[in-house]
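Asks: sequence first, predicted coordinates after that:
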Amino acid sequence: MALVAQRKAWNKGMKGLQSWHNIDGLGKNVDFKKRGKSISRAKKGMTFTEEHKKNLSIAHMGIQAGEKCHLWKGGITPENHKIRNSTEYKQWRTAVFERDDYTCQDCEERGGVLNADHIQPFAYFPDLRFVIENGRTLCRSCHVKTDTWGKRVAQYEGRRVSLSLS
Ligand SMILES: [Zn+2]
């Protein structure tokens with residue numbers, strides 16, 4: 001019985017609200033605005049929490065980052081910077097140098113300023129970033145002459161040259 005009484009009361013309240021709108025005869029837009037206001041007022045304390053707002057902004061940032069990632073041409077990005085400073089990257093570079101005996105694979109000069117070059121560009125082949133077979137030791141001057149250096153890397157988008165992976 002108590003349940004029925006509650007339902008009755010709830011219906012009554014709704015009817016009251018509806019008739020209030022009807023009697024007022026408000027325009028659609030005004031009516032919507034008013035309803036929106038009364039809902040947010042009614043739900044005060046139930047609106048988005050700070051955490052929810054944070055999650056929303058993170059989700060939004062995620063979309064932006066994705067778009068930026070798509071336009072990424074191997075330039076200096078926080079991600080790029082982070083990876084190049086990572087332990088994994090440093091280990092990969094050292095492994096490449098050691099395999100090549102710290103010798104430039106182009107001019108065969110040993111020592112000096114050496115770079116570990118990604119044969120398949122770092123920017124477009126994330127899965128090959130830490131594959132030693134995808135690395136080669138180049139001295140700085142040979143490295144800058146490669147067709148994957150700097151902005152030239154853009155032509156490699158979506159292109160994958162066959163690698164002799166052991
Ligand atoms: Zn060289």
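Replies: Right, received. Where do you want to start?

Asks: quick one: low-confidence parts of the chain?
Replies: Residues of the chain meeting the criterion pLDDT under 70: 1-76, 156-166.

Asks: what does it have sitting close to the ion?
Replies: Residues of the chain lying close to the ion by Cβ under 5 Å from the ion are Cys104, Asp106, Cys107, Cys139, Cys142. C-betas here are computed from N, CA, C, even on glycine.

Asks: quick one, what contacts the residue nearest to Asn115 when sequence neighbours are not counted?
Replies: In space, and not counting its chain neighbours, Asn115 is closest to His143: 4.3 Å by Cβ to Cβ, 6 or more residues apart in numbering. Neighbouring residues of His143 by Cβ atoms under 8 Å, 6 or more residues apart in numbering: Asn115, Asp117, Trp149.

Asks: from those residues, which single one is nearest the ion?
Replies: Distances from the ion to the contacts of His143, taken as Cβ to the ion, are shortest for Asn115 (9.3 Å).

Asks: please identify the helix or strand for that closest one.
Replies: strand 114-118 (DSSP states H and E).

Asks: and that strand, C-alpha only, in CSV?
Replies: Once non-C-alpha atoms are left out, strand 114-118 reads as follows in CSV (Å, rounded to 0.1, in the frame of the first residue of the first chain):
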residue,chain,number,x,y,z
LEU,A,114,78.0,8.7,-33.9
ASN,A,115,74.3,8.4,-34.4
ALA,A,116,72.1,5.3,-34.4
ASP,A,117,70.0,5.7,-37.5
HIS,A,118,66.7,4.0,-37.9
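
Asks: PyMOL command for the buried members of the contacts of His143?
Replies: Per 16 or more other Cβ atoms under 10 Å, the buried members of the contacts of His143 correspond to this PyMOL selection:
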select buried, resi 115+117+149
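
Asks: need the contacts of His143 in CSV with distance to Ile83, can you?
Replies: Shown next, in CSV, are those (distance: Cβ to Cβ, whole Å):
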residue, distance to Ile83
Asn115, 15
Asp117, 15
Trp149, 18
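
Asks: is the spatially closest residue to Asp100 that is not a sequence neighbour in a bridge, and if so with what?
Replies: Excluding the flanking residues, the one nearest Asp100 by Cβ to Cβ, 6+ apart is Thr137, at 3.7 Å. Beta-bridge partners for Thr137, by DSSP bridges, are Ala116.
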